[in-house]
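S.K.: predicted model and sequence below, questions to follow.
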Amino acid sequence: MLDKDDRLALFGYGIFETLRVDGPHIEVPRLHYDRMSRGAEQLGLGMPGYEVWLAGLEQNVQKNTQIAGTTFALRVTLSGGAGQKVPPRWLYHTRPLPYTERDYDEGIPITILSHPRNEYSPLVQLKSTNYMENILAKKEAEDKGAREGIWLNTKGYLAEGTVSNLFFISEGTLHTPSLACGCLPGTRRQMILECAQTLGIPCVEGEFSLEFIEDAEEVFLTNALMGIMPVNQVDKRRIPLKDSVEESLRMR
């Protein structure tokens, strides 16, 4: 049980990672560990070595016999503690994946959010448990009938989704907002960029205005749980599901 004085309970002071587990296999744990370590250093929290951290995940997966053999989400959280009085705690939580085969076959609609992402905030590249901004933004998207909301940053450039990174295809070239635009360095984002390089797919990380996505040939989202999710609509504009570049990346 979390101590009432823990800064996670009082202020949302902590970090977390959500990993995809397929049967007993935990997907790309090293990428998640590296990002969590950077976050822990930023918050002044201690991290164990990789093997110890991974053993904690594997032990939790083994305990969840009711979901053994399935694909599910595993969240690991490191609380902020409260100095010497309350040491940081590790918390684990499992849940089913929120995406269906229909989502991948038909794509999902997204919307542009009404308020900007502050690309200068120290929180934008930190997977913090203080998630209120994301929650409110996701609610705005759902209230508009969309499955995901996309932030523009304070300069008016595309940034990221509330729980995802954004990619689009234009003239056969893969595009994604640079980290400087105010987006989380997603694990799946990193994998897509590396995969594109391996496949020889041209890729540009940069600053892109809204017009770029409105004129795109393909649009998709990524995160650790969804993998690659096609987008079929941006607000009122329908997006074709061509599956050309996207399918090549998904098959890797």
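M.R.: Cool, the structure landed.

S.K.: what ranges do the helices span in the stretch 101-250 of the chain?
M.R.: All helices of the stretch 101-250 of the chain, identified by DSSP state H, counting those that start in this stretch, fall at 101-106, 132-143, 187-199, 210-214, 244-250.

S.K.: with mean neighbour count and mean pLDDT added, can I get these in a markdown table?
M.R.: (C-beta placed from N, C-alpha, C; glycine too.) Formatted as a markdown table, the helices of the stretch 101-250 of the chain follow (neighbours: other C-beta atoms under 10 Å; pLDDT from 0 to 100):
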| stretch | mean neighbour count | mean pLDDT |
| --- | --- | --- |
| helix 101-106 | 11 | 95 |
| helix 132-143 | 15 | 98 |
| helix 187-199 | 18 | 96 |
| helix 210-214 | 16 | 92 |
| helix 244-250 | 17 | 69 |
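
S.K.: between these, which gets nearest to residue 13?
M.R.: helix 132-143 (12.9 Å; C-beta to C-beta).

S.K.: only alpha carbons, please: show stretch 150-169 as PDB.
M.R.: The C-alpha coordinates for stretch 150-169 follow below in PDB (Å, rounded to 0.1, in the frame of the first residue of the first chain):
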ATOM      1  CA  ILE A 150      -2.900  15.700 -31.100                       C
ATOM      2  CA  TRP A 151      -1.100  18.700 -29.600                       C
ATOM      3  CA  LEU A 152       0.400  21.600 -31.500                       C
ATOM      4  CA  ASN A 153       3.200  23.300 -29.600                       C
ATOM      5  CA  THR A 154       3.400  27.000 -28.700                       C
ATOM      6  CA  LYS A 155       4.900  27.700 -32.100                       C
ATOM      7  CA  GLY A 156       2.000  26.100 -33.900                       C
ATOM      8  CA  TYR A 157       4.000  23.000 -34.900                       C
ATOM      9  CA  LEU A 158       2.700  19.400 -34.600                       C
ATOM     10  CA  ALA A 159       4.000  17.800 -31.300                       C
ATOM     11  CA  GLU A 160       2.400  14.500 -30.200                       C
ATOM     12  CA  GLY A 161      -0.700  12.700 -29.100                       C
ATOM     13  CA  THR A 162      -2.000  12.400 -25.500                       C
ATOM     14  CA  VAL A 163      -0.600   8.800 -25.300                       C
ATOM     15  CA  SER A 164       1.200   8.500 -28.700                       C
ATOM     16  CA  ASN A 165       3.800   9.700 -31.100                       C
ATOM     17  CA  LEU A 166       2.700  11.000 -34.500                       C
ATOM     18  CA  PHE A 167       4.000   9.900 -38.000                       C
ATOM     19  CA  PHE A 168       2.800  10.700 -41.500                       C
ATOM     20  CA  ILE A 169       3.900   9.900 -45.000                       C
END
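
S.K.: thinking again about what came up before, let me have the helices of the stretch 101-250 of the chain in TSV, extended by distance to residue 18.
M.R.: Shown next, in TSV, are the helices of the stretch 101-250 of the chain (distance: least, C-beta to C-beta, whole Å):
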stretch	distance to residue 18
helix 101-106	17
helix 132-143	13
helix 187-199	10
helix 210-214	25
helix 244-250	20
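
S.K.: the ones you listed: which one's closest to residue 5?
M.R.: Closest approach to residue 5 among the helices of the stretch 101-250 of the chain is made by helix 132-143 (20.7 Å; C-beta to C-beta).

S.K.: what's in contact with that closest one?
M.R.: Residues outside helix 132-143 that contact it (C-beta atoms under 8 Å, 6 or more residues apart in numbering): 12, 110, 111, 113, 114, 115, 147, 148, 149, 151, 162, 163.

S.K.: right, I'll call it a day here.
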